[in-house]
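1. sequence first, then the predicted structure, then my questions.
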Amino acid sequence: MANVSKIGFPILRLPILAIFEVLSPMNPWEIINFSILSLRCTRIVKLFFRTGCKFELQLSIEPEAHITITEKRKFWWEFEFTSEKNEDNLIKYDADSETFMKYSSNILESLFNLFKHIDDLMSFENIGYLLFDMSHFQLQNDLIIQEIKDFNKPIKCFEIYSKEDVGNEVIDMLNHVKGIEHLVLSAPFSEDFELICPPNLSYLYISDSKWINLEKLLEFNSSQIALRDSASELTDLDLCAFFKSWMASESQLNLERFEIINTATRETFATVSQNIPHEEFDDSVVRKVYKLFNWKLKAINFVLYSFGTWQVFLDWFDIKRNDGTWATIYLVQNIRCPDWLTLGMVVG
């Protein structure tokens, strides 16, 4: 981490616009170091970010509790707190990241204090990403939840993990957090858990989703929905009813993609294909090739983004909504684990 205090050039004697020119190429660590030199430096940095911040702020509350600042997600500067004294002030370098280790006897207190300071300093419009593993600091979850509720700014991507049923706590957080666009839930919720999707949600991923039945699925209003381990509650006929509801414009009008991940079967796809009316596209070569190329490309990109593995497309057919909107129902296979099949629908 650069030590700005050792720079001999008298920065503070420059006009304010000239100081801004000096700050512009600095990375977040250098800017934060500059800000702690004096109260005047702090005020200058706040003034510098008054018109907007080019960085994204992220927070991870897990075994490696850390704060991340990234610029266009091309490089990451991380502040990681550790309980190991021998790691204090250690800097770890990677091809696209630098991690500054800081020892603390109270990791959560240090984490949130620094997080608030950085947020106040750089005036972030939102929190780009927040990961909360509720299984790690279990005795302090109430404190963490209250801190999250007190952020008072949008959290664009919110991921929540737990080994135990934390339904009430999740509902409490979602009732207070605004602006969620991506929501990832991985916890063994009970069958009576009722998830009310945040408004304007664009991506919903639920792992360990055995608690989801057809009624709950039809109420989800995200444009992209991905479910894992749902076979015990959603039957093949439930899936047929879900697709038919979409075709009749009764639900999911904003749906762009839906997937049952790694738990589908060839029998499930056969049941769906036999119980849903198919639509045949024009045999025009240009139209057919264009359509297949585009939806396969989008599907592959989505799968790679979500799960990091390549897929093989096994079968598909087209359906049409009563307003003329097209969709493709497909079955894909995981190359690394051939028994893992995913049943999905892509609209458009």
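-> Received it, and whenever you're ready, just let me know what you need. Residues are numbered from 1 along each chain as shown.
2. show me where the stretch 1-150 of the chain has its strands.
-> With DSSP state E, counting those that start in this stretch, the ranges of strands along the stretch 1-150 of the chain come out as 56-61, 66-71, 75-82, 91-94, 97-103, 127-133.
3. ok, which of these comes nearest residue 219?
-> With CB to CB, the closest approach to residue 219 among the strands of the stretch 1-150 of the chain belongs to strand 127-133: 23.9 Å. C-betas here are computed from N, CA, C, even on glycine.
4. that closest one - contacts with which helices or strands?
-> Where contact means 3 or more CB pairs under 8 Å, 6 or more residues apart in numbering; DSSP states H and E, strand 127-133 is packed against strand 56-61, helix 141-149, strand 155-161.
5. is it possible to get JSON lines of the strands of the stretch 1-150 of the chain that adds mean neighbour count and distance to residue 209?
-> Below are these laid out as JSON lines (neighbours: other CB atoms under 10 Å; distance: least, CB to CB, whole Å):
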{"stretch": "strand 56-61", "mean neighbour count": "22", "distance to residue 209": "23"}
{"stretch": "strand 66-71", "mean neighbour count": "20", "distance to residue 209": "28"}
{"stretch": "strand 75-82", "mean neighbour count": "19", "distance to residue 209": "30"}
{"stretch": "strand 91-94", "mean neighbour count": "10", "distance to residue 209": "34"}
{"stretch": "strand 97-103", "mean neighbour count": "16", "distance to residue 209": "32"}
{"stretch": "strand 127-133", "mean neighbour count": "20", "distance to residue 209": "18"}
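6. tell me the most buried of the helices and strands packed on strand 127-133?
-> Comparing the helices and strands packed on strand 127-133 by mean neighbour count (mean count of other CB atoms under 10 Å), strand 56-61 ranks first with a mean of 22.
7. can I get the helices and strands packed on strand 127-133 in CSV with mean pLDDT?
-> Shown next, in CSV, are those (pLDDT from 0 to 100):
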stretch, mean pLDDT
strand 56-61, 95
helix 141-149, 94
strand 155-161, 95
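8. right, and these - which one's nearest residue 20?
-> Nearest of the helices and strands packed on strand 127-133 to residue 20, taken as CB to CB: strand 56-61 at 20.5 Å.
9. so what touches that closest one?
-> Residues from elsewhere that reach strand 56-61, judged by CB atoms under 8 Å, 6 or more residues apart in numbering: 66-73, 108, 111, 115, 118-119, 122, 124, 126-133, 136-137, 144.
10. which residues in the stretch 201-348 of the chain form strands?
-> Ranges of strands in the stretch 201-348 of the chain, per DSSP E, counting those that start in this stretch, are 203-207, 224-228, 257-264, 311-320, 326-334, 341-347.
11. pairing partners for the last one, with directions?
-> Using DSSP bridges, the strands paired with strand 341-347 in its sheet are strand 257-264 (antiparallel), strand 326-334 (antiparallel).
12. can you tell me what sits against the last one?
-> Contacts of strand 326-334 with the rest of the structure, by CB under 8 Å, 6+ apart, involve 243, 246, 262, 264, 266, 269, 272-273, 276, 279, 295, 299, 303, 309, 311-321, 340-348.
13. residues of that strand that come out buried?
-> For strand 326-334, a neighbour-count test (16 or more other CB atoms under 10 Å) marks 327-334 as buried.
14. returning to that earlier point: ok, of the contacts of strand 326-334, which come out buried?
-> The neighbour-count criterion (16+ other CB under 10 Å) marks 243, 246, 262, 264, 269, 272-273, 276, 295, 299, 303, 311, 316-317, 319, 321, 340-347 among these as buried.
15. returning to what we had before: got CSV for the buried residues of strand 326-334, with pLDDT and distance to residue 41 too?
-> Converted to CSV, the buried residues of strand 326-334 look like this (pLDDT from 0 to 100; distance: CB to CB, whole Å):
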residue, pLDDT, distance to residue 41
327, 91, 56
328, 90, 57
329, 92, 59
330, 90, 56
331, 91, 59
332, 88, 54
333, 88, 57
334, 82, 53
